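Student: Any chance you can model this:
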Amino acid sequence: MMNYERREIQDSDIRISCYINFVLSEGLSENSMDRLDGMMSAQLSLNAVQKLLSEQKSTQKISGEQLFGISDAPFAVKLRCNYPDFPPFSGSQIDMDSIPLMDASFPTHVRLQNYLFDILGKSCTVQTDIQRFWLIPGEWKTSYGTPSPFPKELYDNLYKLFLEFFQLDDQLFDEPEYRSKFGNSRLLKNYATEEAKKKKFVQVSSAKKSFKTNTFRAQFKNALKELRLGTFIIADGSSQGYFARRKRHIAKSKAHEAGEEEEES
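Tutor: Numbers count the residues shown, from 1 in each chain. Prediction:
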């Protein structure tokens with residue numbers, strides 16, 4: 001088993017405690033209680049393997065892209081955004097609650113790419129219109145094809161949504177060092193000691209820096225590439241469908257034709 005799996009398990013009690021506090025502060029509802037039930041069930045499964053994981057040693061090198069200790073938190077997303085209301089986009093609301101969540105044992109950057117793959121795959125009125133060459137904001141050229149400029153507003157909105165989704169939006173994690181007054185913040189208040197709070201602060205600050213400087217952009221580009229190389233499958237009896245990822249043994253010539261080399265992941 002990998003080190004990041006062990007870390008996710010160590011943080012599981014704190015994540016559930018945070019969500020209980022969130023539910024109590026926002027008010028109980030059928031939806032929030034269903035989510036809490038699901039988290040509690042997941043916790044029981046994690047506890048069942050915790051002893052086994054603690055006895056195993058990992059020798060695998062962990063990439064900085066994996067953003068240790070960062071958990072999915074769709075309940076923390078407050079921002080409401082729509083896709084652009086001009087072609088080829090649908091203008092409908094971006095539904096973060098519909099994202100099929102991955103197991104926490106997957107590295108954060110892998111989960112991010114898959115979630116962007118899902119969200120972007122639903123962005124256009126004709127879903128396959130997303131399968132074009134896009135020039136994302138901040139890039140001046142691409143090596144292949146004739147790109148369309150990707151809407152900056154949508155790119156920026158998805159960036160903000162996923163900052164909230166991973167609970168990286170708090171500005172205190174932009175500060176260069178920990179201060180005792182940070183101890184009562186959302187992600188730190190459930191840690192018992194100042195040492196534990198400081199350690200978590202450093203962990204989240206490092207993850208946020210990685211997210212802002214490279215991870216989001218790299219995984220956004222990778223998600224668009226995977227959509228471009230993917231296969232659109234129409235659901236039975238419906239005009240809607242979903243994208244299936246390419247098989248990883250795809251011929252190099254086809255991958256070359258599809259666009260730029262894949263970003264580090």
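Student: Can you show me the helices along the stretch 151-265 of the chain?
Tutor: Using DSSP state H, counting those that start in this stretch, the helices of the stretch 151-265 of the chain run over residues 152-165, 194-210, 216-229, 252-258.
Student: okay, the angle between the third one and helix 152-165?
Tutor: With axes from the mean of the first three to the mean of the last three Cα atoms, to 10 degrees as the basis, helix 216-229 and helix 152-165 are set at 110 degrees to each other.
Student: and helix 216-229, what other elements does it pack with?
Tutor: Contact partners of helix 216-229 among helices and strands, from 3 or more Cβ pairs under 8 Å, 6 or more residues apart in numbering; DSSP states H and E: helix 108-121, helix 152-165, helix 252-258. No exception for glycine: its C-beta is placed from N, CA and C like everyone else's.
Student: rerun at 10 Å
Tutor: Under the contact definition 3 or more Cβ pairs under 10 Å, 6 or more residues apart in numbering; DSSP states H and E, helix 216-229 sits against helix 108-121, strand 134-135, helix 152-165, strand 241-244, helix 252-258.
Student: Same check on the longest one?
Tutor: Contact analysis of helix 194-210 by 3+ Cβ pairs under 10 Å, 6+ apart lists helix 108-121 as its packing neighbours.
Student: and the helix it packs on, which residues are buried?
Tutor: 108-109, 111-121 (16 or more other Cβ atoms under 10 Å).
Student: can you count the residues close to Thr128?
Tutor: Neighbour count of Thr128, defined by other Cβ atoms under 10 Å: 14.
Student: Can you give me every residue that contacts it?
Tutor: The contact partners of Thr128, by Cβ atoms under 10 Å, 6 or more residues apart in numbering, come to Pro88, Gly121, Leu227, Gly230, Phe232, Gly241, Phe243.
Student: so the fifth one makes contact with Gly241?
Tutor: It stands for Phe232. Yes. Applying Cβ atoms under 10 Å, one finds Phe232 in contact with Gly241, separated by 5.6 Å.
Student: Now list whatever residues contact both of these two.
Tutor: Shared contacts of Phe232 and Gly241, defined by Cβ under 10 Å, 6+ apart, comprise Gly121, Gln127, Thr128.
Student: got the phi/psi numbers for the last one?
Tutor: Looking back up the chat, that one is Thr128. Dihedral angles of Thr128 (phi, psi; degrees, to the nearest 10) stand at phi -70, psi -10.
Student: where does it land on pLDDT?
Tutor: We have a pLDDT of 95 for Thr128.
Student: Sketch out the low-pLDDT regions of this structure for me.
Tutor: Applying pLDDT under 70 to the chain flags the ranges 1-69, 142-144, 248-265.
Student: Which residue ranges make up each domain of it?
Tutor: Domains of the chain are assigned by automatic domain parsing as 1-62, 63-258.
Student: nearest to Phe150, of the shared contacts of Phe232 and Gly241?
Tutor: Nearest to Phe150 among the shared contacts of Phe232 and Gly241 is Gly121, at 14.4 Å by Cβ to Cβ.
Student: Please list all residues in contact with that closest one.
Tutor: Gly121 neighbours (Cβ under 10 Å, 6+ apart): Gln127, Thr128, Ile130, Gln131, Ala223, Glu226, Leu227, Gly230, Phe232, Gly241, Tyr242, Phe243.
Student: for Asn114, same thing?
Tutor: Contacts of Asn114 by Cβ under 10 Å, 6+ apart are Ile99, Pro100, Leu101, Met102, Phe106, Gln219, Asn222, Ala223, Glu226, Arg245.
Student: of those residues, buried ones?
Tutor: With neighbours counted using 16+ other Cβ under 10 Å, the contacts of Asn114 contain these buried positions: Ile99, Phe106, Gln219, Asn222, Ala223, Glu226.
Student: Could you double-check that the last one sits in contact with Lys247?
Tutor: No. At 11.5 Å, Glu226 does not count as touching Lys247 under the criterion of Cβ under 10 Å.
Student: between the two, what contacts are shared?
Tutor: In contact with both Glu226 and Lys247: no residue, using Cβ under 10 Å, 6+ apart.
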